[in-house]
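Engineer: 3D model of this:
(one chain, ligands or ions: 1)
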Amino acid sequence: MAAQAKEFTREEHNKEGDLWVVIDAKVFDLSRFANLHPGGKAVLLNDDIPGQDATEAFYGLHRHEVLERPQYARLQIGTIRGEESTITGRVAGAISKVPYAEPTWLADGFSSPYYSDNHKKFQKEMRKFFDEHVYADAQAREADGKRPSQEVFDKMAEVNLHAMRLGPGKHLKGLTLFNGLVKPEEFDYFHELIITQELVRTGARGYGDGLLGGKVIGLPPVLNFGSEELKKKIVPEVFAGKKFISLAISEAHAGSDVMGLQTTAVKSADGKEWIINGEKKWITNGHFADYFTTGCKTDEGLTVILVPRTEGVSTKPIKTSYSPTAGTAYITYDNVRVPVENTLGPEGGGIFVILSNFNHERWVMCAASARSQRMIVEECLKWISQRKAFGKPLSSQAVIRSKIAQMIARAESTQAWLENITYQMNNMSYKEQSTKLAGQIAFLKMYSTRCAQETAKDAVQIFGGRGITQTGMGRFIEHYHRTVPFDALLGGAEDVLADLGVRQAMRAMPKNARL
Ligand code: HEM
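Structural biologist: Numbers count the residues shown, from 1 in each chain. Just a heads-up that it's a prediction; the model follows:
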């Protein structure tokens with residue numbers, strides 16, 4: 001680092017073997033690196049690069065993070081006397097100044113009726129937490145496909161984030177939330193929205209699910225329908241990040257059609273155990289889960305049973321569009337014996353157990369989609385300002401601006417609708433939510449993922465070849481475009497949700513309404 005403190009005036013070092021460049025007032029000696037440069041040696045020897053200010057050329061072809069990688073940061077030998085570096089990459093905890101990169105409530109000079117001072121403090125801490133403790137692991141695990149690191153689960157457990165991710169409710173009682181930043185009784189759906197949206201900023205879709213997405217959907221049936229003994233055993237170890245749980249409903253023959261499930265559970269002769277046989281498919285976190293909240297066909301109808309990883313349970317990974325870090329699995333139950341006390345809710349009442357969490361689950365997905373669309377807006381706005389084509393920044397092309405306009409409108413409208421629904425959730429009982437908001441949430445989910453897919457398509461057009469390249473400038477765009485169709489499937493396919501919303505509306509039509 002001592003060398004970096006060295007100051008230079010602009011000097012001539014402009015040939016092979018003696019090649020310096022200036023990038024944002026930093027001086028880099030590329031003499032030996034030129035032969036190893038992933039973009040080739042020739043580009044570094046072009047007329048306007050050696051011994052000169054290559055800032056514009058560099059940022060037209062690289063993300064800032066390249067200069068932060070230790071192997072490249074080492075190439076810096078000093079700075080230019082009297083000049084300051086001004087360009088920053090991702091600054092931990094910071095609010096982006098790029099227009100529309102933050103929801104309005106976080107943007108300078110805007111206000112919102114929905115967020116209190118406590119929400120604002122909470123957001124600041126969450127951003128810092130995810131940037132400092134999660135972002136690097138998210139990027140690394142998404143790349144190597146391993147499960148999120150145990151240190152991250154532990155860190156989240158320390159501040160009770162695993163519990164908070166399930167939203168407001170009795171399960172928070174007695175817990176210290178983020179070192180006392182918010183009292184359990186004050187924790188509301190906007191706090192939860194903030195957690196989901198800050199998590200999404202880690203920009204790794206598979207990892208986002210790997211970070212206990214299975215718990216967000218698999219634990220509520222235990223909390224709401226499990227016996228006290230079962231809860232006492234399971235809930236603390238899941239909140240501590242030591243045990244993992246997943247929701248095992250979908251099968252090769254039945255997804256949205258939950259009544260068509262074929263996994264069976266029959267009682268043992270003494271009536272003390274369930275004997276379970278069947279297969280489940282696409283189960284998030286299933287590959288590393290310790291518990292499976294399992295939908296089964298029983299004599300009484302659909303029944304939900306908590307199955308521990310025990311004899312007869314086997315899991316194998318399914319390769320999906322995103323990385324194996326989510327632990328997406330195929331599960332086989334082969335004469336698995338489980339105590340009947342593990343039944344969640346009434347026998348034959350499984351549809352209610354499953355449906356009761358659907359609204360919340362879909363709302364979480366909408367929150368994630370709104371934020372990820374916004375990330376893509378930010379990536380595109382940066383790209384069109386720093387990238388030149390035909391001698392001008394991309395932003396000078398009307399066709400590009402037109403795509404950006406649509407993207408911004410979609411991200412803003414999704415967030416605005418989301419915040420309205422979140423406000424209603426804060427002011428309705430859970431039961432009221434299920435009657436009044438099921439349609440609203442279904443529509444928002446359908447709308448968010450349609451917007452998201454349009455935005456992904458537009459972003460690829462704007463980034464060109466880089467939008468389909470897993471490394472370099474378009475890496476987030478490639479990732480988004482590859483993984484976004486998944487958002488449109490989970491929690492119910494778009495057309496199913498659209499239809500659900502209209503059917504709910506028809507049910508609420510006043511009998512005497514006429515044109
Ligand atoms: C400190 C200086 C530099 C470092 C550490 C560096 C490093 C890299 C790296 C790691 C890549 C692979 C792509 C990526 O991960 O983004 C790359 C690609 C490239 N670099 Fe550099 N580079 C430097 C300077 C330059 C300069 C001054 C130019 C001049 C035009 C240049 C031109 C290119 C080109 C054309 C590519 C291929 C980009 C693509 O295909 O998208 N590099 N560079």
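Engineer: which residues touch the strand or helix carrying G214?
Structural biologist: Using DSSP states H and E, G214 sits within helix 213-218. If you take C-beta atoms under 8 Å, 6 or more residues apart in numbering as the criterion, helix 213-218 is touched by 162, 165-166, 238, 244-248, 283-286, 289, 291-293, 326-327, 357, 361, 364. C-beta coordinates here come from the backbone N, C-alpha and C atoms, glycine included.
Engineer: Check stretch 384-403 too.
Structural biologist: So stretch 384-403 is contacted by 56, 59-60, 380, 383, 404, 458, 461-462, 473 (C-beta under 8 Å, 6+ apart).
Engineer: quick one: which two of those residues are the most distant?
Structural biologist: E56 and D458 (25.3 Å; C-beta to C-beta).
Engineer: neighbour count winner among those two?
Structural biologist: The residue with more neighbours, out of E56 and D458, is D458; 22 against 12, by other C-beta atoms under 10 Å.
Engineer: excluding its backbone neighbours, what's nearest the more buried one?
Structural biologist: Using C-beta to C-beta, 6 or more residues apart in numbering and skipping the chain neighbours, the partner closest in space to D458 is K403 (4.3 Å).
Engineer: on that earlier part again, from the chain's centre, how far out does the helix holding G214 sit?
Structural biologist: 13 Å (C-alpha atoms, centre = their mean, to the nearest Å).
Engineer: For the ligand, what's the nearest residue on the stretch 401-515 of the chain?
Structural biologist: Of all residues in the stretch 401-515 of the chain, the one sitting closest to the ligand is G472 (3.9 Å; C-beta to the nearest ligand atom).
Engineer: Then the chain?
Structural biologist: G39 (2.3 Å).
Engineer: Let me know how buried that residue is, in neighbour terms.
Structural biologist: Applying other C-beta under 10 Å, I find that G39 has 10 neighbouring residues.
Engineer: Look up the closest residue to it, ignoring the ones flanking it.
Structural biologist: L61 is the one closest to G39 (C-beta to C-beta, 6+ apart), at 6.7 Å.
Engineer: tell me the SS of that neighbour?
Structural biologist: Following DSSP: H, G, I helix; E, B strand; the rest coil, L61 is assigned to coil.
Engineer: follow-up on the earlier one: now the contacts of helix 213-218: which count as buried?
Structural biologist: 162, 165-166, 238, 244-248, 283-286, 289, 291-293, 326-327, 357, 361, 364 (16 or more other C-beta atoms under 10 Å).
Engineer: From these, which land in strands?
Structural biologist: If you go by DSSP state E, the buried ones among the contacts of helix 213-218 have 245-248, 283, 291-293 in strands.
Engineer: Is the residue nearest to D458 in a helix, a strand, or coil?
Structural biologist: helix.
Engineer: do you know how far it is from Q397?
Structural biologist: Per C-beta to C-beta, to the nearest Å, K403 is found 10 Å from Q397.
Engineer: on that earlier part again, ok, the residue of the stretch 401-515 of the chain closest to the ligand - contacts?
Structural biologist: So G472 contacts 62-63, 466 (C-beta under 8 Å, 6+ apart).
Engineer: ok, now with 10 Å
Structural biologist: Residues in contact with G472 (C-beta atoms under 10 Å, 6 or more residues apart in numbering) are 38-39, 61-63, 66, 463, 465-466, 478.
Engineer: Name the residues of the helix or strand where L302 lies that come out as buried.
Structural biologist: Under the criterion of DSSP H and E, L302 resides in strand 301-308. By neighbour count on 16+ other C-beta under 10 Å, the buried set for strand 301-308 is 302-308.
Engineer: Would you mind giving those residues as JSON lines with pLDDT and distance to the ligand added?
Structural biologist: Listed next are these as JSON lines, based on pLDDT from 0 to 100; distance: C-beta to the nearest ligand atom, whole Å:
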{"residue": "L302", "pLDDT": "95", "distance to the ligand": "50"}
{"residue": "T303", "pLDDT": "97", "distance to the ligand": "52"}
{"residue": "V304", "pLDDT": "97", "distance to the ligand": "47"}
{"residue": "I305", "pLDDT": "98", "distance to the ligand": "48"}
{"residue": "L306", "pLDDT": "98", "distance to the ligand": "46"}
{"residue": "V307", "pLDDT": "98", "distance to the ligand": "44"}
{"residue": "P308", "pLDDT": "98", "distance to the ligand": "44"}
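Engineer: Show me which of those is closest to S321.
Structural biologist: V307 (27.5 Å).
Engineer: circling back: can I get the helix holding G214 as PDB, trimmed to CA atoms?
Structural biologist: The C-alpha trace of helix 213-218 is given here as PDB (Å, rounded to 0.1, in the frame of the first residue of the first chain):
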ATOM      1  CA  GLY A 213     -36.500 -19.300   1.400                       C
ATOM      2  CA  GLY A 214     -37.800 -22.700   2.400                       C
ATOM      3  CA  LYS A 215     -38.300 -21.600   5.900                       C
ATOM      4  CA  VAL A 216     -40.300 -18.500   4.900                       C
ATOM      5  CA  ILE A 217     -42.900 -20.900   3.300                       C
ATOM      6  CA  GLY A 218     -42.300 -24.100   5.300                       C
END
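Engineer: after that helix, next one along is what?
Structural biologist: Helix 213-218 is succeeded, C-terminally, by helix 220-225 (DSSP H and E).
Engineer: State the mean pLDDT of that next one.
Structural biologist: Throughout helix 220-225, pLDDT has a mean value of 96.
Engineer: which helices and strands does that helix pack with?
Structural biologist: Here helix 220-225 touches helix 228-239, strand 245-248, strand 291-298, strand 301-308, strand 343-344, helix 350-355, going by 3 or more C-beta pairs under 10 Å, 6 or more residues apart in numbering; DSSP states H and E.
Engineer: go with 8 Å
Structural biologist: Applying 3 or more C-beta pairs under 8 Å, 6 or more residues apart in numbering; DSSP states H and E, we find helix 220-225 packed against helix 228-239, strand 301-308, strand 343-344, helix 350-355.
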